[in-house]
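Novice: model this:
(4 chains)
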Protein chains: 2
Amino acid sequence: MTEEDVSGMQRFKVGELVVDPGTPILLEGSNSPQLFTLLHGMGLRYRHLENGERQVINFVFPGDFLGLQAGLMGVMGHSVEATTKMTLCVFDRKELWSFIKADPERGFELAWLAAVEEHFLGESLTTVGQRTALQSIAWMFVRIYLRLKASRTSIDGTMRFPFKQRDIADALGLSLVHTNKTIGILKSRQLLGWTGDDIQIYDLDKLASIGLTTLADPKIRPIM
Amino acid sequence: MTEEDVSGMQRFKVGELVVDPGTPILLEGSNSPQLFTLLHGMGLRYRHLENGERQVINFVFPGDFLGLQAGLMGVMGHSVEATTKMTLCVFDRKELWSFIKADPERGFELAWLAAVEEHFLGESLTTVGQRTALQSIAWMFVRIYLRLKASRTSIDGTMRFPFKQRDIADALGLSLVHTNKTIGILKSRQLLGWTGDDIQIYDLDKLASIGLTTLADPKIRPIM
DNA sequence: CGAATGTTTGACTGGAGTCAATGAGGGTGG
DNA sequence: CCACCCTCATTGACTCCAGTCAAACATTCG
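Specialist: The predicted structure follows:
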């Protein structure tokens, strides 16, 4: 980003927001007047089915932009909730249009962000639809590890992971019990460790192999 | 769109392309020099897993924009293939940037397109992850029917559906056999009919109810 | 010390997958 | 004109991966 961009961002920026774990940030079906960039902390995007089932769309990490759908379409397709304490950079939805108008490249970047999200969702859909439980879980840890590594949030094989097995189960369309037993298999094979809120990746290659995935360069994420 | 927009589109447009059924339009992992708008015909977006399994990302209908990911990120996250004969409006990827620069609103619209796709993918993910086979299939027919109805391609309860049960199975993460038997249930309950390439929706409300979905207004699709 | 939340295990069930064979149409070449 | 083939839809029998139920542990916390 150029300095001009940054100053433009600053004008667009309304302030910072700190929320406690469990706080809902955005609600499915609503039209938030604000958009956010996650500066610190982690959370979840999810949707609820009418029968109460929850699908975790994906995990939210620092650098992620929240509220794009509301900003563009006027309605959120999913909810976003803080899992840990979060620090958010707040933008004003009303300013989004003038922000884009000021520099066409910003519209391009916004579209890029949305396209990247779409890309990840396509991967997740493929996982939930075609991978077995073991493959899914191995795939997910690899994906998350690479994502965190790309943003230098993981240190030599260890990453912070404040989520519960329930969240993983809901993300992969598996039952909690089966998720637990399947993670147990990976742990017993010495491929990963999970202590408290930290996960250790012992054998990334093996995990990637089980998860039927390659270790290609993770896509660069534009940060807004 | 204003007339100015249309003339801008015309300059962006390279020509028209007609392809036969089965023709690959875009390839996962590739960077197509061209982008398309589907004018006529239907097709599929899909990804392949390393073990050969196929996940159908979604069905492609007239008005859909193809190649957005390649245009924005430089790589397609999925392949696109023609199921019927197709007529495509062809754009030049190289011109995309100048196209956006000419009018910031276009960048906004592009982002909108991507956000709409993201929204649908989130819905699909929820379906594959949380709905039962019967719910999934009912949901899918409702979704497709509403989509086609919105573009006036369906006539009072009947729609053209040139896809195979294999495609539906791959879209919902179900086996072919189970998909067939589940569709059989809906047919035996007189909720829908399927003759050749045409599907009749006999009881939309009932289907929506089974599919755990509401009949909210389908989102307006910007056409590029 | 309960109470709450989350993880583990074991036993059993069932929805969906696999295998395999039969139909049902549509082309096509002899 | 029809036997042959190919693709796709349909069925039945059987299997199994993952879901459900339920109880025991483990941690944290007021």
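Novice: so where's chain A uncertain?
Specialist: Along chain A, the parts satisfying pLDDT under 70 run over A:1-10, A:217-224.
Novice: run the last query once more with 90
Specialist: Across chain A, the stretches falling below the confidence threshold (pLDDT under 90) are A:1-14, A:94-110, A:150-156, A:214-224.
Novice: just how off-centre is the top helix by length along chain A within its chain?
Specialist: Of all segments of type helix in chain A, defined using DSSP state H, the longest is helix A:104-130. Helix A:104-130 sits 11 Å away from the centroid of its parent chain (Cα atoms, centre = their mean, to the nearest Å).
Novice: That one and chain B, any residue contact?
Specialist: Yes - judged by Cβ under 8 Å from any Cβ of the partner chain, helix A:104-130 and chain B are in contact via A:104-108, A:110-119, A:121-126, A:128-130. Every residue, glycine included, has its C-beta placed from N, CA and C.
Novice: all helices of chain A, in order?
Specialist: When assigned using DSSP H, the helices of chain A occupy the ranges A:3-12, A:68-73, A:96-102, A:104-130, A:133-150, A:165-172, A:176-188, A:204-210.
Novice: tell me what the third one is packed against?
Specialist: If I follow you right, that is helix A:96-102. helix A:3-12, helix A:104-130, helix B:104-130 (3 or more Cβ pairs under 8 Å, 6 or more residues apart in numbering or on different chains; DSSP states H and E).
Novice: Same list, those helices, but as a markdown table with mean neighbour count and distance to residue B:20 please.
Specialist: Formatted as a markdown table, the helices and strands packed on helix A:96-102 follow (neighbours: other Cβ atoms under 10 Å in any protein chain shown; distance: least, Cβ to Cβ, whole Å):
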| stretch | mean neighbour count | distance to residue B:20 |
| --- | --- | --- |
| helix A:3-12 | 13 | 46 |
| helix A:104-130 | 24 | 26 |
| helix B:104-130 | 24 | 26 |
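Novice: how about a markdown table for these, with distance to DNA strand D added?
Specialist: Output for those, formatted as a markdown table (distance: least, Cβ to the nearest atom of the strand, whole Å):
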| stretch | distance to DNA strand D |
| --- | --- |
| helix A:3-12 | 36 |
| helix A:104-130 | 10 |
| helix B:104-130 | 9 |
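Novice: Could you check the ones you listed and tell me which one is nearest DNA strand C?
Specialist: When the helices and strands packed on helix A:96-102 are compared for distance to DNA strand C using Cβ to the nearest atom of the strand, the nearest one is helix A:104-130, at 8.7 Å.
Novice: That closest one relative to helix B:165-172, how many degrees between them?
Specialist: Note on geometry: by axes from the mean of the first three to the mean of the last three Cα atoms, to 10 degrees, helix A:104-130 and helix B:165-172 are set 110 degrees apart in direction.
Novice: For residue A:90, give the beta-bridge partners.
Specialist: Using DSSP bridges, the beta-bridge partners of residue A:90 come out as residue A:15, residue A:36.
Novice: any idea how far chain B is from it?
Specialist: For residue A:90, the distance to chain B under the criterion Cβ to the nearest Cβ, to the nearest Å works out to 20 Å.
Novice: And DNA strand C, is the longest helix of chain A touching that?
Specialist: No - counting by Cβ under 7 Å from any atom of the strand, DNA strand C is not contacted by helix A:104-130; separation bottoms out at 8.7 Å.
Novice: what do you get for stretch A:72-85?
Specialist: No - Stretch A:72-85 stays clear of DNA strand C (Cβ under 7 Å from any atom of the strand), getting no nearer than 9.4 Å.
Novice: Pull up the distance across that stretch, start to finish.
Specialist: Start and end residues of stretch A:72-85 are separated by 27 Å (Cα to Cα, to the nearest Å).
Novice: for stretch A:199-212, same thing?
Specialist: Distance between the two ends of stretch A:199-212: 21 Å, counting by Cα to Cα.
Novice: So for that stretch, what gets flagged as buried?
Specialist: For stretch A:199-212, a neighbour-count test (16 or more other Cβ atoms under 10 Å in any protein chain shown) marks A:199, A:201, A:204, A:206-212 as buried.
Novice: tell me the contacts of the nearest residue to residue A:158 once chain neighbours are set aside?
Specialist: Spatially, and ignoring its direct neighbours in sequence, residue A:158 is nearest to residue A:200 (5.0 Å; Cβ to Cβ, 6 or more residues apart in numbering or on different chains). For residue A:200, the contact set (Cβ atoms under 8 Å, 6 or more residues apart in numbering or on different chains) comprises A:157-158, A:192-194.
Novice: switch to 10 Å and redo it
Specialist: A:154, A:156-159, A:161, A:191-194 (Cβ atoms under 10 Å, 6 or more residues apart in numbering or on different chains).
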